[in-house]
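K.L.:
when you get a sec, could you give me coordinates for this:
(one chain, ligands or ions: 1)
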Amino acid sequence: MYKVKNLFFSYDDKEILHDISFFIEQGKFTTIIGPNGSGKTTLLSLITGQFHKYSGNIYFQNKCLKDYSIKDLSKRIAFVSQNVDIRFPFTCLEVVMMGRNPFKSRMKNLTPKDMKIVRECMEMTDTLKFSDIPITELSGGEKQRVMLAKALAQTPKVLFLDEAFSNMDIQYTIYFLNLLKDCIEKEHLTVIAIMHDLNLTHMFSDRILALKDGKISKYGKTEDVMTKELIKELFGVAIRKTEEKGLVILPSL
Ligand SMILES: Nc1ncnc2c1ncn2[C@@H]1O[C@H](COP(=O)(O)OP(=O)(O)OP(=O)(O)O)[C@@H](O)[C@H]1O
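P.N.:
Model prediction:
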């Protein structure tokens with residue numbers, strides 16, 4: 001689905017990503033982990049086509065990422081970041097409807113089929129009740145749910161999440177992680193997420209890409225990557241694995 005080869009990226013003179021190569025499989029939940037400043041968001045920005053000045057190659061569905069128009073890319077990928085940067089008081093319904101823009105003909109309204117998708121996505125994310133409320137009047141976690149509804153309304157092949165649950169309570173976070181697992185199973189959605197919660201990462205991810213100082217420390221199946229040794233190397237903390245596929249962080253060791 002995604003192939004990244006020998007990717008280097010710098011902000012001005014400061015090198016942020018160094019010789020990154022990996023392949024993302026379709027229909028998997030891949031999580032990028034790593035300490036603050038290790039380059040996770042930068043990597044996501046690059047593979048979602050937000051930055052163009054890099055060296056190396058990024059291929060998406062066997063085609064060079066730079067050869068996609070923004071509209072073509074928006075029909076295939078959706079992105080939810082932790083910061084909801086909408087300052088204009090669009091209603092939540094209007095925001096979710098924007099998710100259908102890549103599919104809309106110019107100067108035309110959304111079709112009944114588009115509106116059905118919008119409604120279903122708002123139902124799924126428990127945001128239908130916010131339809132007429134300006135998004136600027138919602139709490140942080142509520143806004144993130146609306147942005148997730150908008151992203152799902154894009155009916156993407158790949159959903160990118162940059163700490164997209166950071167303001168949600170644990171009940172909604174687990175609800176959404178299970179919902180995404182369902183979409184992966186039934187619709188072969190590919191999810192590429194950045195998460196800081198190592199326990200949830202361990203429970204829900206199929207693959208882990210571990211970044212440190214702009215380089216890949218390890219990439220592979222969750223069980224192979226989330227070892228005590230790697231977590232110690234990345235974050236300097238000890239962990240204990242539980243029988244139920246959970247992780248306990250042991251901060252004092
Ligand atoms: N616009 C920018 N200009 C210059 N340097 C930047 C810019 N954005 C990020 N950086 C630097 O790039 C490095 C990687 O940042 P990035 O946001 O990718 O890290 P991250 O792993 O996502 O961190 P966090 O876990 O804190 O979100 C950091 O050292 C940061 O200071």
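K.L.:
any idea what the closest residue to residue 219 other than its chain neighbours is bridged to?
P.N.:
Excluding the flanking residues, the one nearest residue 219 by C-beta to C-beta, 6 or more residues apart in numbering is residue 209, at 4.7 Å. C-betas here are computed from N, CA, C, even on glycine. According to DSSP bridges, the residues that bridge with residue 209 are residue 32, residue 219.
K.L.:
neighbours of residue 209, how many?
P.N.:
24 (other C-beta atoms under 10 Å).
K.L.:
for it, list the residues it contacts.
P.N.:
Residue 209 is in contact with 22, 30, 31, 32, 33, 216, 219, counting by C-beta atoms under 8 Å, 6 or more residues apart in numbering.
K.L.:
quick check: PyMOL command selecting the buried ones in those residues.
P.N.:
Only the buried entries of the contacts of residue 209 go into this PyMOL selection, using 16 or more other C-beta atoms under 10 Å:
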select buried, resi 22+30+31+32+33+216+219
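K.L.:
for the residue nearest to residue 219, give its distance to residue 190.
P.N.:
Look at residue 209 and residue 190: by C-beta to C-beta, to the nearest Å, they are 13 Å apart.
K.L.:
ok, now residue 220?
P.N.:
In terms of C-beta to C-beta, residue 220 sits 17 Å off from residue 190.
K.L.:
which one's more surrounded, the two?
P.N.:
More crowded of residue 220 and residue 190, by other C-beta under 10 Å: residue 190, with 21 against 13.
K.L.:
please look at that one and residue 157 and confirm they touch.
P.N.:
Yes - counting by C-beta atoms under 8 Å, residue 190 does reach residue 157; the two are 6.4 Å apart.
K.L.:
any shared contact partners between these two?
P.N.:
Counting by C-beta under 8 Å, 6+ apart, the common neighbours of residue 190 and residue 157 are 1, 26.
K.L.:
ok so, going back, can you pull the pLDDT of the residue nearest to residue 219?
P.N.:
Residue 209 carries a pLDDT value of 98.
K.L.:
now do residue 142
P.N.:
Predicted confidence (pLDDT) for residue 142: 96.
K.L.:
tell me which helix or strand it sits in.
P.N.:
helix 140-153 (DSSP states H and E).
K.L.:
so what secondary structure elements neighbour the helix or strand just after that helix?
P.N.:
Next helix or strand after helix 140-153 toward the C-terminus (DSSP H and E): strand 158-162. Applying 3 or more C-beta pairs under 8 Å, 6 or more residues apart in numbering; DSSP states H and E, we find strand 158-162 packed against helix 40-47, strand 77-81, strand 190-194.
K.L.:
relative to the ligand, which of the ones you listed is closest?
P.N.:
helix 40-47 (3.4 Å; C-beta to the nearest ligand atom).
K.L.:
and the angle for the helix or strand following the closest one with strand 77-81?
P.N.:
Per DSSP H and E, the first helix or strand lying C-terminal to helix 40-47 is strand 55-60. Counting by axes from the mean of the first three to the mean of the last three C-alpha atoms, to 10 degrees, strand 55-60 lies at 110 degrees to strand 77-81.
K.L.:
so what secondary structure elements neighbour strand 55-60?
P.N.:
Using 3+ C-beta pairs under 8 Å, 6+ apart, the elements in contact with strand 55-60 are strand 2-11, strand 14-24, helix 40-47.
K.L.:
so can I have JSON lines of those showing distance to residue 139?
P.N.:
Listed next are the helices and strands packed on strand 55-60 as JSON lines, based on distance: least, C-beta to C-beta, whole Å:
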{"stretch": "strand 2-11", "distance to residue 139": "32"}
{"stretch": "strand 14-24", "distance to residue 139": "32"}
{"stretch": "helix 40-47", "distance to residue 139": "23"}
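K.L.:
can you say which of these is packed in most?
P.N.:
helix 40-47 (a mean of 20; mean count of other C-beta atoms under 10 Å).
K.L.:
contacts for that one, please.
P.N.:
Contact with helix 40-47 is made by 2, 4, 7, 9, 16-17, 20, 32-34, 51, 54, 58, 60, 65, 79, 160, 162, 192, 194, 211, as judged by C-beta under 8 Å, 6+ apart.
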